[in-house]
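Q: need coordinates for the below:
(chains A and B, ligands or ions: 2)
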Amino acid sequence: MERPIRVLVAKPGLDGHDRGAKVIARALRDAGMEVIYTGLQQTPQMIVEAALQEDVDCIGLSILSGAHMTLLPKIMQLLKANEGDDVLVVAGGIISDEDARSLRQEHGIAEIFGPGASTHTITDFIRANIKRPAVEG
Amino acid sequence: MELVEKALAGNRRALSRLITVVEAGDATARQALAALYPHTGRAHIVGVTGAPGTGKSTLVNQLALHWRAQGRTVAVLAVDPTSPFSGGAILGDRIRMQALGGDPGCYIRSMASRGSLGGLARSTGDAVKVLDAAGFEIVIVETVGAGQAEVEITREAHTVIVVEIPGMGDDIQAIKAGILEIADVFVVNKADREGAERTLRQLQMMLHLGAGEPRDGWDPPIVQTVANTGKNIPEVAAAVERHLAHLKANDLLAPRERQRIEREWTMIVRESLLNELFARIPASERDTLIARMQARQVDPYAAASQVVAAVFEDSI
Ligand SMILES: Nc1nc2c(ncn2[C@@H]2O[C@H](COP(=O)(O)OP(=O)(O)OP(=O)(O)O)[C@@H](O)[C@H]2O)c(=O)[nH]1
Ligand SMILES: [Mg+2]
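A: Ligands and ions are numbered 1, 2, ... in the order given. Just a heads-up that it's a prediction; the model follows:
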């Protein structure tokens, strides 16, 4: 039986609005995914705990605060420490090419989407890259 | 099943996976449930229902905090609607439950209704079994806020809390028929708003008008709360506990459970039979029958009797 892909959409860091995250959440829903939306100002601990309790296939992080080089690696580290390495992690926001490369290559973030990325690109990427199959025995 | 053993031993990752498995409702789910079943039947299952935005999630958060402070373990299942257009869903109840984070004695899981009506998902009952078997003392189920009487929840929960708020439209009309029957505890939330007293009085009046004898000899208490500040939460928790004590003291738990099991089993038998039956009718035969119904050569009842009779004859 085909089960919907589950995605946690979270906004780590302290900056104040979540418009971008909400747009993504709606786009993922419209693409047939189940989106767990947790709102603003999430700590890495909160994000990882929620992702594991919700057994999501993917975590989508929206980040604008500039603290991505501390917050994102911390999330990856916590996931790994808690048997969550099979969760696909993507991020969106304003992140320099250099940081993006480092986040992908050194920290295991699967993809970084810039502010111009279309929601289609994002949903297609998630569908193609989740590590657990959407179809389960 | 290894996953079940791990989940029962307290592994949270396994527990999460197990809920995903039972949610899928397939053969693996049935295997898992078989292994779990002997461990179920211990938790106090509390349903929370009410119109959208009445403060259900906020109340659940506060109740869970209250019970955690008393050392009791709590799991929350929060159901939100699946979009009929895309099959996707936005599950937002966790937003109000941030305070429960970082506590191993508390577990929150969001569930999409996946096309099922009545405020719960088809597999909510099975997810409750997982949490029950995993040893949570209290399992709180927040229904979809559809604004109607969510009768389904009375089938899954021992105690049902119905959340109302002041000023919902036109007085008594706003209090939908049906909720009087399903509530074991009424909460008038947002009591910081105007009209809370009036809503309270209306509820009281309706309760006393409606019922001759209260169901199960239990008079549903009404508690006014301000869920976002925590006002009167201990009173709600106490009312819920009193209700369970009442069920126990009057030997009502076992008959209720018996009813629930009978209903659940009947539903499963019906579904399994239907699947078995359809598996035995060739697609071509089905198409022919449907075409004949469409041509008004046979009516649906007769066509149904025909296939049922054919299958039963074969098996004798
Ligand atoms: N003024 C006031 N606002 C409240 C109270 N309780 C909750 N709220 C607010 O009401 C809004 C909705 O609360 P939720 O807890 O999400 O309501 P809900 O019933 O779970 O909503 P759905 O799950 O979407 O049906 C939030 O903004 C809460 O902060 C209250 O007692 N007083
Ligand atoms: Mg809610």
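
Q: can you map out the strands along the chain?
A: No chain was given, so I picked chain A. In chain A, the strands defined using DSSP state E lie at A:6-10, A:34-37, A:58-63, A:88-93, A:111-113.

Q: that's the wrong chain, I meant chain B
A: B:44-50, B:74-80, B:89-91, B:106-112, B:138-142, B:159-164, B:185-188, B:222-224.

Q: could you report the neighbour count for residue 18?
A: Picking chain A for this. Residue A:18: 20 surrounding residues under other Cβ atoms under 10 Å in any protein chain shown. For the C-beta atoms, the positions are set from N, CA and C on the backbone; glycine is no exception.

Q: nope, chain B please
A: Residue B:18 has 30 nearby residues by other Cβ under 10 Å.

Q: related to what we said a few turns ago, and ligand 2, which of the strands of chain A is closest to it?
A: Closest of the strands of chain A to ligand 2 is strand A:34-37, at 11.5 Å (criterion: Cβ to the ion).

Q: can you pull the contacts of residue 62?
A: I'll assume chain A. Going by Cβ atoms under 8 Å, 6 or more residues apart in numbering or on different chains, residue A:62 touches A:9, A:10, A:11, A:18, A:20, A:21, A:24, A:91, A:92, A:93.

Q: wrong chain, I was asking about chain B
A: So residue B:62 contacts B:227, B:230, B:233 (Cβ under 8 Å, 6+ apart).

Q: can you check residue B:12 too?
A: A:52, A:53, B:104, B:107.

Q: just the buried residues of the residues you listed.
A: Among these, those buried by neighbour count (16 or more other Cβ atoms under 10 Å in any protein chain shown) are A:52, A:53, B:107.

Q: now distance to residue B:297 and pLDDT too, for the residues you listed, in a markdown table please.
A: Formatted as a markdown table, those follow (distance: Cβ to Cβ, whole Å; pLDDT from 0 to 100):
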| residue | distance to residue B:297 | pLDDT |
| --- | --- | --- |
| A:52 | 58 | 96 |
| A:53 | 55 | 97 |
| B:107 | 56 | 97 |
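
Q: rebuild the residues you listed as TSV, extending it with distance to ligand 2.
A: Converted to TSV, the buried ones among the contacts of residue B:12 look like this (distance: Cβ to the ion, whole Å):
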residue	distance to ligand 2
A:52	21
A:53	16
B:107	17
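
Q: what's the closest of the residues you listed to residue B:91?
A: residue A:53 (11.9 Å; Cβ to Cβ).

Q: so how far is residue B:100 from that closest one?
A: Distance of residue A:53 to residue B:100, computed by Cβ to Cβ, to the nearest Å: 10 Å.

Q: try residue B:166
A: Applying Cβ to Cβ, the value for residue B:166 to residue B:100 is 27 Å.

Q: repeat that for residue B:138.
A: 13 Å.

Q: shared neighbours of these two, which are they?
A: Common contact partners of residue B:138 and residue B:100 (Cβ under 8 Å, 6+ apart): residue B:74.

Q: quick one: contacts for the nearest residue to residue A:125 once chain neighbours are set aside?
A: Distances taken as Cβ to Cβ, 6 or more residues apart in numbering or on different chains place residue A:111 nearest to residue A:125, at 5.7 Å, with adjacent residues excluded. Residues near residue A:111 by Cβ under 8 Å, 6+ apart: A:90, A:91, A:104, A:125, A:129.

Q: including neighbour count and pLDDT, could those residues go into CSV?
A: As requested, the contacts of residue A:111 are exported to CSV (neighbours: other Cβ atoms under 10 Å in any protein chain shown; pLDDT from 0 to 100):
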residue, neighbour count, pLDDT
A:90, 19, 97
A:91, 23, 95
A:104, 14, 94
A:125, 17, 97
A:129, 13, 96
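
Q: among those, which two are most distant?
A: A:91 and A:129 (13.4 Å).

Q: could I get the strands of chain A in CSV, plus columns for distance to ligand 2?
A: Formatted as CSV, the strands of chain A follow (distance: least, Cβ to the ion, whole Å):
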stretch, distance to ligand 2
strand A:6-10, 17
strand A:34-37, 12
strand A:58-63, 21
strand A:88-93, 26
strand A:111-113, 29
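
Q: so which of those strands comes closest to residue B:57?
A: Residue B:57 lies closest, by Cβ to Cβ, to one member of those: strand A:34-37, at 12.1 Å.

Q: hmm, back to that, what's the closest of the contacts of residue A:62 to residue B:39?
A: residue A:10 (32.9 Å).
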